[in-house]
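**Student:** My questions are about this predicted structure, shown below with the sequence.
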Amino acid sequence: HVHMTPADALRYGVRDKSAVRVRIAGDRELVFGDVLVRVDPNFALAHAALGSYLLDMWYYSGAQSDRDEAERLIRRAVALDDGLSEAHEALGAFLRVTQQQGAADELRRAVELNPNNASAVSRYAWHLANAGNPREAIGMLRRALAIDPALVVRYDDLASIAASMGLRDEAQAVVQKAFD
């Protein structure tokens, strides 16, 4: 089944308990038939994901309405499910990008809630690097790569931080590994 907020359901023209087909595009496309739609206004992960998307939109476009809606959705996600790693990751990202206090605590909490959330581990690593803890950041990025070795951006993150510390050989080795 798939989860949607009422707004998502309206956008896709479905209702709770509708059956849909879900197509996963790619070299080996896959189609799931008769997938049940669950519509729930309290679906915290949907609020966190949409809030994160709008945060990115605001960051690149500067539209104040995107920032405000991102904050509303992200804070709603945390209120709905304080134990959801993705909600705390989104709030940490929001606080960091808007230069507010508490970003480190939220990112740390996201990692504590789900140590296998590679995205949260990576975001926390960047926070550590920017806070002057590059060695700890490198360790966290290695952890993110161990969780999800297929995401090339993590190799770039690790190489960037290693290079900023003057660890040229390590940075080159990481880049090479991304190509292997």
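**Tutor:** Thanks, I have it.

**Student:** now stretch 162-172: how far from the chain's centre is it?
**Tutor:** 26 Å (CA atoms, centre = their mean, to the nearest Å).

**Student:** Check stretch 102-117 too.
**Tutor:** Per CA atoms, centre = their mean, the displacement of stretch 102-117 from the mean C-alpha position of its chain is 11 Å.

**Student:** same deal with stretch 19-37?
**Tutor:** Counting by CA atoms, centre = their mean, stretch 19-37 comes out at 23 Å from the chain centroid.

**Student:** contact partners of that stretch?
**Tutor:** With contact meaning CB atoms under 8 Å, 6 or more residues apart in numbering, stretch 19-37 is reached by 1-2, 4, 9, 12, 14-18. For the C-beta atoms, the positions are set from N, CA and C on the backbone; glycine is no exception.

**Student:** Surely V37 is in a strand?
**Tutor:** Yes - secondary structure assignment places V37 in a strand (DSSP: H, G, I helix; E, B strand; the rest coil).

**Student:** And it, how far from E86?
**Tutor:** To E86, V37 is 20 Å away according to CB to CB, to the nearest Å.

**Student:** between the two, which one's more packed in?
**Tutor:** Using other CB atoms under 10 Å, the more surrounded residue of V37 and E86 is E86, with 23 against 19.

**Student:** Just give the closest residue to that one, not the sequence neighbours.
**Tutor:** Counting by CB to CB, 6 or more residues apart in numbering, E86 lies nearest to A48, which is 4.6 Å off, once chain neighbours are set aside.

**Student:** Look at the one you found and say how many residues are nearby.
**Tutor:** A48, neighbours per other CB under 10 Å, totals 25.

**Student:** give me the number of residues near the closest residue to P6 other than its chain neighbours?
**Tutor:** Residue nearest to P6 in three dimensions, not counting chain neighbours: P41, with 5.4 Å by CB to CB, 6+ apart. Other residues within reach of P41, judged by other CB under 10 Å, total 13.

**Student:** which SS class is P41?
**Tutor:** The three-state assignment at P41 reads coil, by three-state DSSP.

**Student:** need the next SSE after the host helix or strand of L54, C-terminal direction.
**Tutor:** L54 is part of helix 44-61 when elements are defined by DSSP states H and E. As assigned by DSSP H and E, the chain's next helix or strand after helix 44-61 is helix 64-80.

**Student:** Report the buried residues of that following helix.
**Tutor:** Neighbour counts using 16 or more other CB atoms under 10 Å place 66-67, 69-71, 73-78, 80 of helix 64-80 among the buried residues.
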